[in-house]
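1. attaching a predicted model along with its sequence, questions to come.
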Amino acid sequence: MKLFDRLFREKRKSEDYTDRSNRDMMRLTYLVVFAFVCLIAYEGWFLAVKREDVINNSYNARLDGFAERVVRGSILSSDGTVLAETLVDEDGNETRNYPQGRLFSNVIGYSTMGKTGLEELAHFYLLTSHINLIEQCFRQLIGEKNPGDNVITTLDMELQKAAYDALGDRRGAVIAMEPDTGKVLVMVSRPGFDPNTLVQDWDSLTAEGNSSALLLNRATQGLYPPGSIFKTIMVLEYIRENPGTWEDFSFDCDGAYEDGEYTIRCYHGNAHGSQTLIQAYANSCNGAFAVLGKELDLERLKAASEELLFNKELPLSIASSPSTYVMDSGADLWEILQTSIGQGRTQITPMHFTLLTAAIANGGTLMNPYFIDRVENVGGDQIRKFMPSVYGNLLPAEEAACLAAMMRQVAEIGTGSALRTDAYAAAGKTGSAEFESGKETHAWFTGFAPADNPKLVVTVLVEEGGSGGGAAAPVARNIFDIYFAR
Ligand SMILES: [Zn+2]
């Protein structure tokens, strides 16, 4: 009996000990589980909220960590053509390859010597892998990298090529965008650079005194005098200051308008004769706009320009230069005359004018321009889809309709005759901007079609191309023709 008691006590002691030890174990387990949950929660929070910010900072060291685990994904055009991809050789060496060469160079950008263009914009997606977890773990075990996601852009292969070819050897930029969605279909900048030899060419591309600016995306960063396309803004302000009477405006053009010691000439000294406001705009009569400009309230004109995104960052997800408008109420006569015809100190990027034209075509509402349609994993499953979004109203619908009607006249009766066709009704504005005496003018065109239900906006700038109607409008015609033949 005693023995039994003793044994029983011993057993109890041992059970106590076991209980205690079990409790300790449980505590430890809870602690580990808790720590694990915290870790998962942090990872989840990081993945969902913070990761994009951290990774998108090009200078963050964490980036290298991702590049060590993921092979950078591909960038594709809207029809699935590869624009950028990473090739991996047998030894695991990676090379970023651009099968289209210079065709997309400035808009796609690069990822080796810093990051620009869509390579920068899509950086996070390209270095994120959404293949299934089992495959990810398996690859990690055998020491292989995971394939990054692919980014399908809004860029249209056929139209991009047409725009690039139409520019030929001339320097310049072409943009095409859907005004009702903001999708950018074309962004050409010539001459551009060869993205496949960027590293080797880097020193010469960035050498001081290299005036070609091949790395500059002329479409978004190139600042040019607007020339006559600025007359659209002059017309808008004139209509605002003269409601009900603007249609009475008239001017008799003999090819050269003289005011004191200054002379404003129409293109090639053309005498336009008697001009209404609509005719003066359609024929791009400089004399008429010099007179009109003198009547305007310069403070209001500046405010109107700034409402139309001058002196502001554009709503754009890749690098761009703000356009500049500097004339204010203290301006002298010469500056007023020059600014009124788009010369003087005003400067604009082709992208800016694309956005203004898009807003006019879209009833005054500007859609945010965008380049990425969707992100897919390497197996083609959709990971993320981007939808159109509204930037805001740049001008009231009735003013937009009025300007759109006047732009239609440019193609019908004016300088945009290259856009005359039975296939669709185009509208737009041409410009021939002087930038240095003795040199050919920069040729501009910005417009849309069809006039009554705009589907596509096109802006063309040809450096030293001559007249907008002769050099830039035919490039736009090319793109409209292909687009509306589909
Ligand atoms: Zn004239």
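-> Everything's here; your move.
2. low pLDDT regions in the chain?
-> In the prediction, the chain carries residues with pLDDT under 70 at positions 1-21, 23, 25-26, 28-64.
3. so what's the most centrally placed residue in it up against?
-> The residue at the geometric middle of the chain, judged as the C-alpha nearest the mean C-alpha position with C-alpha atoms, centre = their mean, is Leu316 (5.1 Å). Contact analysis of Leu316 by C-beta atoms under 8 Å, 6 or more residues apart in numbering lists 220, 351, 369. All C-beta atoms are positioned from the backbone trio N, CA, C, and that covers glycine.
4. tell me which of those is nearest to the ion?
-> Checking these against the ion by C-beta to the ion gives Met351 as the nearest, at 29.4 Å.
5. count the residues that sit near whatever residue of the stretch 1-150 of the chain ends up closest to the ion.
-> With C-beta to the ion, the shortest gap between the stretch 1-150 of the chain and the ion falls at Asn106, namely 36.4 Å. Asn106 has 29 neighbouring residues, counting by other C-beta atoms under 10 Å.
6. may I have the phi/psi pair for it?
-> For Asn106, the backbone dihedrals (degrees, to the nearest 10) come out as phi -80, psi -30.
7. that one and Ile142: what is the separation?
-> With distances defined as C-beta to C-beta, to the nearest Å, the gap from Asn106 to Ile142 amounts to 39 Å.
8. same check on Asp328?
-> Going from Asp328 to Ile142 by C-beta to C-beta gives 67 Å.
9. just Gly244 next, same as before
-> Taking C-beta to C-beta as the measure, Gly244 falls 78 Å from Ile142.
10. same question for Val186.
-> Distance, Val186 to Ile142, by C-beta to C-beta: 43 Å.
11. the more surrounded of these two?
-> Under the criterion of other C-beta under 10 Å, the comparison of Val186 against Ile142 puts Val186 first, with 28 against 6.
12. mind listing the residues bridging to the residue nearest to that one when sequence neighbours are not counted?
-> With C-beta to C-beta, 6 or more residues apart in numbering as the measure, Ala176 is the residue that lies nearest to Val186, at 3.7 Å, once sequence neighbours are left out. Ala176 has these beta-bridge partners by DSSP bridges: Val186, Val458.
13. my read: Ala176 touches Val457, true?
-> Yes - counting by C-beta atoms under 8 Å, a contact exists between Ala176 and Val457, whose distance comes to 6.9 Å.
14. up against the ion, what does the stretch 201-350 of the chain have?
-> 253, 266, 272, 285, 287 (C-beta under 5 Å from the ion).
15. can you do 6 Å?
-> Taking C-beta under 6 Å from the ion as the criterion, the stretch 201-350 of the chain approaches the ion at residues 253, 266, 272, 285-287.
16. and which of the residues you listed is nearest to Ile75?
-> Of all these, the one with the least separation from Ile75 (C-beta to C-beta) is Asn286, at 43.8 Å.
17. how about that closest one, what does it touch?
-> Contact partners of Asn286, counting by C-beta under 8 Å, 6+ apart, are 228, 257, 264-267, 341.
18. state the pair within these that is farthest apart.
-> When those are compared pair by pair using C-beta to C-beta, the farthest-apart members prove to be Ser228 and Tyr257, with a separation of 14.4 Å.
19. give me the more crowded residue out of these two.
-> Per other C-beta under 10 Å, whichever of Ser228 and Tyr257 has more neighbours is Ser228, with 29 against 22.
20. and the residues of the stretch 201-350 of the chain next to the ion, which of them are in strands?
-> Assignment to strands by DSSP state E places the following of these there: Cys253.
21. and Val410, that one's in a helix?
-> Yes - remark: Val410 belongs to a helix, assigned using DSSP: H, G, I helix; E, B strand; the rest coil.
22. can you tell me how far the closest residue to it other than its chain neighbours is from Met407?
-> Nearest residue to Val410, sequence neighbours excluded (C-beta to C-beta, 6+ apart): Gly416, at 4.2 Å. Distance of Gly416 to Met407, given as C-beta to C-beta: 8 Å.
23. what's near enough to touch the closest residue to Leu216 other than its chain neighbours?
-> Setting aside the residues directly before and after it, Leu216 is nearest to Gly222 in space (C-beta to C-beta, 6+ apart), at 6.3 Å. If a contact means C-beta under 8 Å, 6+ apart, then Gly222 has 173, 189, 216, 321, 349-350, 461 as its contacts.
24. give me the distance between Gly222 and the ion.
-> Using C-beta to the ion, to the nearest Å, we find Gly222 at a distance of 28 Å from the ion.
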